[in-house]
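Student: show me the folded form of this:
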Amino acid sequence: MIVAAVPMLKPEVTADPPFSEADVRRQLERILVFPELQASDRRREMLRYVVEEALAGLSAQIKATTIAMAVFDRGADFDQQSDPVVRLEARKLRRDLDNYYADAGRDDPIRIDIPKGRYVPKFSALQAHDRAATPGMPMDPPEDARAPTDGRDMSVRAPRRAPLRLALAGAVLLGLLGLGLIWYMTSGRHDYSHVEIPFKGPSILVESFDANESDSVTTLVAELLAQDITSALLKFPDLRAHTAFAESETETAKSIARSLAGQALYTVHGNVWREEGQVFVRAALSRYADEELLWSERFAESERERGISAISDEISSRIASVIGQPYGIARSETRDRLLVETSNPSLRSYACIARATEYRRIQSKDLYADTRACLEETVQRQPELSRGWAMLAYLRFDATRFGYQQDLTIEEGYAQAREAAAHALTLNPRDTDALKAMSHILHFEGYPEESIDYARRAVETNPNDPETVGNLGVMLGYQGRFSEAEPLLEFTVERSISPAPRYYMFLAMAHLMREDWDDMLSDATFSAADGGSISYMLLAIANANLGNVAAARTDYLRLEERWPLLAEDPKTALKIYNVDPTLLDAFAAGLDRVRVVISD
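Tutor: Alright, predicted model coming up:
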């Protein structure tokens, strides 16, 4: 058996000259007295442990297993696949550190980081210009974009730039896009209203938040939250949101309930208080009909650097992400009910789109035929329904990508999918599903930059939707741009109620490129929930490099059974995916390694 040698890792030091151990320890103590870290003794202990191990020259021993045993009282039989405590706490610790350097530590001389995908700390000097613009936390979108970045510009490009690139891409592409898409890409001055389906999805009544104290900060945040949450929720499709102010909440709720008889109604409520420079918000979601509490969570923001409006914006966007996402409680409950109650014609279109949404998450072949037929019928019955066309674009795209439709060439299949997405955008240029569908189609047709343009537009339209942010991460991942993709994918996993396996798959690829085998194995394990061949390839590569011979052999045999060509020649098998050549080389080298390991 051949096992890959484990490289000796040292703490990353970017200062010149290097910091002394005393300098680093002084910085460590500054951080450990920061209030947000005091809220978690284990994370403080974890930070101290990895820093001290690194300073002692034991960086190669800083692994999930050693941290679990030293900090979290786990035994030698610790299995990070079934117990992700280290991975989850490391994510929170990175957030704690970013919060610290955005606030109390902005003038400190040394920055201590725990880079993503590993646990060995990095020490770097904070220059004056660094202190003025500390990088934001990837889990929490910055105020201007509401989606995480790594410092690059994530803003959607001006509408007139993409058409120029599309024109350069070729007249054939523009012809297939059709006049409707040309109008959309070159205009944007018109506001076409699309016909809504009779059932418009769950309604959310956002009540005024209670202020536990009478000071101006608490009172103002409480007053702003209801309106900000409502505004953020309105960016999600299939949701209606209403604000009810304290003096009229009861009457507003009754009025809305009467107008929505037989439809779903939920209420958002909560309270606001302050402690030691922090503003805390407890938010909750209840079902209106029986007042059952469905969800509750606490949020906190520092008031030292953020204004009242910024605090409300940030917390409201996080609350909206939980409540409004496609697999959040309100939309999931409504979808589950409609999938079994489709006898009412007024619910048929919504139920069909709900079924397509579920298909999109798991991409199950068993759901495909019925979902496709349902969507084709929906757009015939309601040709003005933009979301019907948007979801149909996805299904037509998958028909070609997965070989479900044999009577069309690949080019014809993609053109048919693109026409559906273009028509959806003609009806509603801000339909995020249509924008995301177009981004997928253009990527597979070989137009990566145009694909990214559409994905970015979707994020700007609704930066609070984890799935929309994750879509941009996936598009960047296909192109091997993991420094940009990884924060987006981490944000999506963190904010999602039920993250799609594909997000973990691309995170595993990011770890592959850095040869972070432990984290690659962890994410590939979650990715394999969909039973996909690429996930088993990633599992086999990770297990082979970790010396898990039996597991690597099992995963490789599963891969051979499901997709023999991928096991033998990933570059040929994945040609249709337009994957970055460097990533394809890593797949090929990884599988070569697997074959060597399992043959011994």
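
Student: could you find the closest non-adjacent residue to R360?
Tutor: Y394 (6.1 Å; C-beta to C-beta, 6 or more residues apart in numbering). Any C-beta I mention is one placed from the backbone N, CA and C, and that applies to glycine too.

Student: can you spell out which helices and strands pack onto the strand or helix carrying the one you found?
Tutor: Assigning secondary structure by DSSP states H and E places Y394 in helix 386-401. Using 3 or more C-beta pairs under 8 Å, 6 or more residues apart in numbering; DSSP states H and E as the contact criterion, the elements in contact with helix 386-401 are helix 345-362, helix 365-381, helix 410-427, helix 432-444.

Student: which one of those is the most hemmed in?
Tutor: Greatest average neighbour count among those goes to helix 432-444 (a mean of 27), per mean count of other C-beta atoms under 10 Å.

Student: relative to helix 386-401, how tilted is that one?
Tutor: 20 degrees (axes from the mean of the first three to the mean of the last three C-alpha atoms, to 10 degrees).

Student: what's the average pLDDT for helix 432-444?
Tutor: For helix 432-444, the mean pLDDT works out to 95.

Student: likewise for stretch 348-361?
Tutor: Stretch 348-361 comes out at a mean pLDDT of 79.

Student: what do you get for stretch 512-521?
Tutor: Here the average pLDDT along stretch 512-521 is 94.

Student: and the residue nearest the centre of this structure?
Tutor: The residue lying closest to the centre of the chain (C-alpha atoms, centre = their mean) is T492, at 1.7 Å.

Student: do I have it right that it meets P499?
Tutor: Yes: assessed by C-beta atoms under 8 Å, T492 is found in contact with P499 at 6.4 Å.

Student: need the overlap of contacts for the two.
Tutor: 466, 470 (C-beta atoms under 8 Å, 6 or more residues apart in numbering).

Student: any idea how far the helix or strand that contains A508 is from the chain center?
Tutor: According to DSSP H and E, A508 maps onto helix 501-514. Chain-centre distance of helix 501-514: 13 Å, with C-alpha atoms, centre = their mean, to the nearest Å.

Student: A strand includes S124, no?
Tutor: Yes: under DSSP: H, G, I helix; E, B strand; the rest coil, S124 falls within a strand.

Student: who touches the closest residue to Q278 other than its chain neighbours in this structure?
Tutor: Among residues not flanking Q278 along the chain, A300 sits closest, at 5.2 Å (C-beta to C-beta, 6+ apart). By C-beta under 8 Å, 6+ apart, the contact list for A300 reads 36, 278-281.

Student: roughly how far does A300 sit from E275?
Tutor: 9 Å (C-beta to C-beta, to the nearest Å).

Student: go on, L234?
Tutor: For L234 relative to E275 (C-beta to C-beta), the value is 31 Å.

Student: who has more neighbours, those two?
Tutor: Using other C-beta atoms under 10 Å, the more surrounded residue of L234 and E275 is L234, with 15 against 10.

Student: looking at the contacts of A300, state which has the most neighbours.
Tutor: Using other C-beta under 10 Å as the neighbour test, these are led by V281, with 24 neighbours.

Student: can you verify that residue is assigned to a strand?
Tutor: Yes: counting by three-state DSSP, V281 is part of a strand.

Student: not counting its neighbours along the chain, what's nearest it?
Tutor: F299 (4.6 Å).

Student: number of residues surrounding the one you found?
Tutor: By other C-beta under 10 Å, neighbour count at F299 equals 18.

Student: please identify which helix or strand holds it.
Tutor: Going by DSSP H and E, F299 is in strand 293-302.

Student: so how far is that strand off the chain centroid?
Tutor: Counting by C-alpha atoms, centre = their mean, strand 293-302 is centred 19 Å from the centre of its parent chain.

Student: past it, which element shows up next along the chain?
Tutor: helix 308-324.

Student: touching that following helix from outside, list them.
Tutor: So helix 308-324 is contacted by 140-141, 143, 146, 204, 217, 220-221, 224-225, 228-229, 231-233, 235-236, 239, 266, 268, 279, 281, 283, 285, 295, 297, 299, 301, 303, 306, 328-331, 463-466, 495, 497 (C-beta under 8 Å, 6+ apart).

Student: need the buried ones from the residues you listed selected in PyMOL.
Tutor: With 16 or more other C-beta atoms under 10 Å as the criterion, this PyMOL line picks the buried residues out of these:
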select buried, resi 140+141+146+204+217+220+221+224+225+228+229+231+232+233+235+236+239+266+268+279+281+283+285+295+299+301+303+306+328+329+330+331+463+464+465+466+495+497
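
Student: just the contacts of helix 308-324: which are in strands?
Tutor: Taking DSSP state E as the definition of strands, the contacts of helix 308-324 contribute 204, 266, 268, 279, 281, 283, 285, 295, 297, 299, 301.

Student: dump these into JSON lines; add pLDDT as well.
Tutor: Converted to JSON lines, the ones in strands among the contacts of helix 308-324 look like this (pLDDT from 0 to 100):
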{"residue": "I204", "pLDDT": "87"}
{"residue": "Y266", "pLDDT": "88"}
{"residue": "V268", "pLDDT": "92"}
{"residue": "V279", "pLDDT": "91"}
{"residue": "V281", "pLDDT": "93"}
{"residue": "A283", "pLDDT": "93"}
{"residue": "L285", "pLDDT": "91"}
{"residue": "W295", "pLDDT": "88"}
{"residue": "E297", "pLDDT": "89"}
{"residue": "F299", "pLDDT": "90"}
{"residue": "E301", "pLDDT": "88"}
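
Student: which one of the residues you listed is nearest to S124?
Tutor: Nearest to S124 among the ones in strands among the contacts of helix 308-324 is E301, at 25.9 Å by C-beta to C-beta.

Student: mind putting the ones in strands among the contacts of helix 308-324 into JSON lines with distance to R562?
Tutor: As requested, those are arranged in JSON lines below (distance: C-beta to C-beta, whole Å):
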{"residue": "I204", "distance to R562": "42"}
{"residue": "Y266", "distance to R562": "41"}
{"residue": "V268", "distance to R562": "44"}
{"residue": "V279", "distance to R562": "51"}
{"residue": "V281", "distance to R562": "46"}
{"residue": "A283", "distance to R562": "43"}
{"residue": "L285", "distance to R562": "40"}
{"residue": "W295", "distance to R562": "37"}
{"residue": "E297", "distance to R562": "39"}
{"residue": "F299", "distance to R562": "42"}
{"residue": "E301", "distance to R562": "46"}
